[in-house]
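**Student:** Provide a 3D model corresponding to the input given below.
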Amino acid sequence: MTSTQTADPDWWRQAVVYQIYPRSFADSDGDGVGDLQGILSRVPYLIDLGIDAVWLSPFYPSALADGGYDVDDYRNVDPRLGTLDDFGQLVEALHAANIKLIVDIVPNHTSDRHVWFQEALSAQPGDPARERYIFRDGDGEQPPSDWDSIFGGSAWARTPDGQWYLHLFAAEQPDLNWAHPEVRDDFLTTLRFWSDRGVDGFRVDVAHALVKDLTEPFKSKTELPRQSESNGIHPLWDRDDVHEIYREWRTVLNEYDPPRSAVAEAFVPAARRARYASADGLGQAFNFDLLQADWDYGKFRQVIEENLALADQNGSSSTWVFSNHDVVRHATRYGLPKDPTGGWQDGKAWLLSNGTEPTVDVELGLRRARAAIMLMLALPGSAYLYQGEELGLQEVGELPAANLQDPAYFRSKGAEKGRDGCRVPIPWTVGGLSFGFGTGGSHLLQPKWFGQYSVEAQDGVAESTLSLYRKALAVRRGLQTANELTWSDGVDWVLHFTRPGGWQSITNFGEAPVELPDDAAVVLSSGPLEGAKLPGDTTAWLI
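**Tutor:** Predicted coordinates:
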């Protein structure tokens, strides 16, 4: 089998991947929801940006109980977003621009509208149709265990006949039984279905949850080990046997020329992450360590060193990311004071105040976000960008409760506001009903201040954040060489390293300006320099 593109099989190792949340990128028909034709209309924008690949979040038929991660049919397109023909047009347009396409695959759970689950609900307890999922009898009126859902509340939901099914996420997302051969075989079919249609890779959602130890009696949640310390013995997360599944997947992915890539979303300790990124597994795994780090020299240095070492050990390449569809945008996080409890500043408390407390230092957050992206793009490995971050877009903290869609908000009874603030449709124009998102409104409310961050407001403006991203991606492409770096130690708050070919990246995490080397020329900086000095919260590239 051959791809529609001629490509280096290792293209993914240092690629810049741009995540598109389809329902919030561009709306072609004015119904307030983004769609595939909307994305297709913005391919010229993606070309100008200079990315290597698009990661497309779920576009499958879905009731949107969890933003599309509740999948009704893994081998089709949600009719609100388009058709398989539209998908083919998008693949063709991206490939014509030498842009790869990575799609989300959601193997831990289906939606409760999936044909298999509907068959299971129609069947009697003990019927083979229920064996594709995890059904158990409860203890009288109580569920089989006291386990919690990630979104709050019990991880078990009761059926009308009295049995319970496991759902680690929303009740509309029943967990699959990966010990069942039909489940394994069906996902191999899905991998081939999309690979045959030109998909270049897969992002594997909740990759560490598929295999579970459901030996009874179930332990109480108070007896379970912490995920970060479980080392493969937690009954629900990061079981060693999960890698047998990914070895099967790798065999399928290697049937193609070039082999299809894959990247695991696995919230596991760094040392455990390497197994997901092995050559006989998925090949790469998300590293969320920088995303979960405050703007701090020591923490950044530690994360970078640790993850480069791990990638080198297993022959993979690291991944770097600051924002995605699940977290508060980093331009906002970096403008908030540090968490007084000592944890990383995730912005969740700020969201609960509807974006009012504490006050965001927008200018500081943007300055740090610009410095952070240049540092990230200079690192060996692949860089994942989230739609709108190239605009310096802030998190929308003021969404009213009536407009919220995230199940985390409803299942936690408001104890968490959820992830809708980073999923608000991005602004393309300074004005208009939905700032150019479409001819109608938008499914999540856009604030009045969105226009100043729009593509129209920044396009052609030399000092804009959009211009910085475009320049940085173009320069990176010209300077990129071997997947390695050499540290240059000096001032304690300055992160300085050199890539092969003489490319230097210097980030000043402090407040006082520092002298730049006088034997190299600055090719790009995230903010204005002070003569021959690099100001605080600024990154410069030299050659």
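**Student:** show me the contacts for residue 32.
**Tutor:** Contacts here follow Cβ atoms under 8 Å, 6 or more residues apart in numbering; on that basis residue 32 touches 434, 438, 440-443. Where C-beta positions appear, they are placed from N, C-alpha and C, glycine not excepted.
**Student:** Spatially nearest residue to residue 422, not counting backbone neighbours?
**Tutor:** Closest residue in space to residue 422, ignoring its immediate chain neighbours: residue 329 at 5.3 Å, by Cβ to Cβ, 6 or more residues apart in numbering.
**Student:** From the contacts of residue 32, which land in strands?
**Tutor:** Where these are compared with strands, as defined by DSSP state E, there is no overlap at all.
**Student:** top of those by neighbour count?
**Tutor:** Neighbour counts for the contacts of residue 32 were taken using other Cβ atoms under 10 Å; the highest belongs to residue 438, which has 24 neighbours.
**Student:** Which residue comes closest to that one once chain neighbours are left out?
**Tutor:** For residue 438, the closest residue by Cβ to Cβ, 6+ apart turns out to be residue 27, at 2.8 Å.
**Student:** do residue 272 as well
**Tutor:** residue 238 (6.0 Å).
**Student:** is it true that that neighbour touches residue 271?
**Tutor:** No. Contact criterion Cβ atoms under 8 Å: residue 238 and residue 271 do not qualify, at 11.2 Å.
**Student:** Which of these two has more residues huddled nearby?
**Tutor:** Legend: neighbour count by other Cβ under 10 Å for residue 238 and residue 271, higher for residue 238 (24 against 11).
**Student:** what helix or strand is the closest residue to residue 357 other than its chain neighbours on?
**Tutor:** Nearest-residue entry for residue 357: residue 350, 6.9 Å, with adjacent residues in sequence omitted and distances by Cβ to Cβ, 6+ apart. According to DSSP states H and E, residue 350 maps onto helix 348-352.
**Student:** Just the buried positions in the very next helix or strand once past that helix, please.
**Tutor:** In the C-terminal direction, the helix or strand that comes right after helix 348-352 (DSSP H and E) is helix 362-378. Neighbour counts over helix 362-378 (16 or more other Cβ atoms under 10 Å) mark 364-378 as buried.
**Student:** ok, now which ones touch residue 36?
**Tutor:** Taking Cβ under 8 Å, 6+ apart as the criterion, residue 36 is in contact with 22, 59, 77, 81-83, 86-87, 89-90.
**Student:** Swap in 6 Å and give it another go.
**Tutor:** Contacts here follow Cβ atoms under 6 Å, 6 or more residues apart in numbering; on that basis residue 36 touches 81-82, 86-87, 90.
**Student:** now residue 420
**Tutor:** For residue 420, the residues meeting the contact criterion (Cβ under 6 Å, 6+ apart) are 399, 404-406, 444.
**Student:** mind redoing it with 8 Å?
**Tutor:** Under the criterion of Cβ under 8 Å, 6+ apart, the neighbours of residue 420 are 396, 399, 403-406, 409, 444.
**Student:** ok, now residue 484?
**Tutor:** So residue 484 contacts 380, 499-500 (Cβ under 8 Å, 6+ apart).
**Student:** In strands only, show me the residues you listed.
**Tutor:** Counting by DSSP E, the part of these found in strands is residue 499.
**Student:** Residue 317: which of the contacts of residue 484 is nearest?
**Tutor:** The shortest separation between residue 317 and any of the contacts of residue 484 is 6.8 Å, and it belongs to residue 380 (by Cβ to Cβ).
**Student:** Tell me the confidence at residue 2?
**Tutor:** Confidence at residue 2, expressed as pLDDT, is 34.
**Student:** er, residue 492 I mean
**Tutor:** At residue 492, the pLDDT recorded in the model is 86.
**Student:** What is the nearest of the buried residues of helix 362-378 to residue 275?
**Tutor:** Within the set of those, residue 376 lies nearest residue 275; the separation is 24.3 Å, counting by Cβ to Cβ.
**Student:** so the closest one makes contact with residue 290?
**Tutor:** Yes. With contacts counted by Cβ under 8 Å, residue 376 reaches residue 290, the gap being 7.2 Å.
**Student:** From residue 477, how far off is residue 356?
**Tutor:** Using Cβ to Cβ, to the nearest Å, one obtains 41 Å as the distance from residue 356 to residue 477.
**Student:** what does residue 405 give?
**Tutor:** 37 Å.
**Student:** contact partners of stretch 132-140?
**Tutor:** Contacts for stretch 132-140 (Cβ under 8 Å, 6+ apart): 116-117, 120, 125, 144, 156, 158-159, 162-166, 174-177, 180, 182-183, 212, 214, 216.
**Student:** Kindly supply the PyMOL command isolating those of the residues you listed that are buried.
**Tutor:** Of the contacts of stretch 132-140, the buried ones can be selected in PyMOL as follows, counting by 16+ other Cβ under 10 Å:
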select buried, resi 116+117+120+144+156+163+164+165+166+174+175+176+177+180+183+212
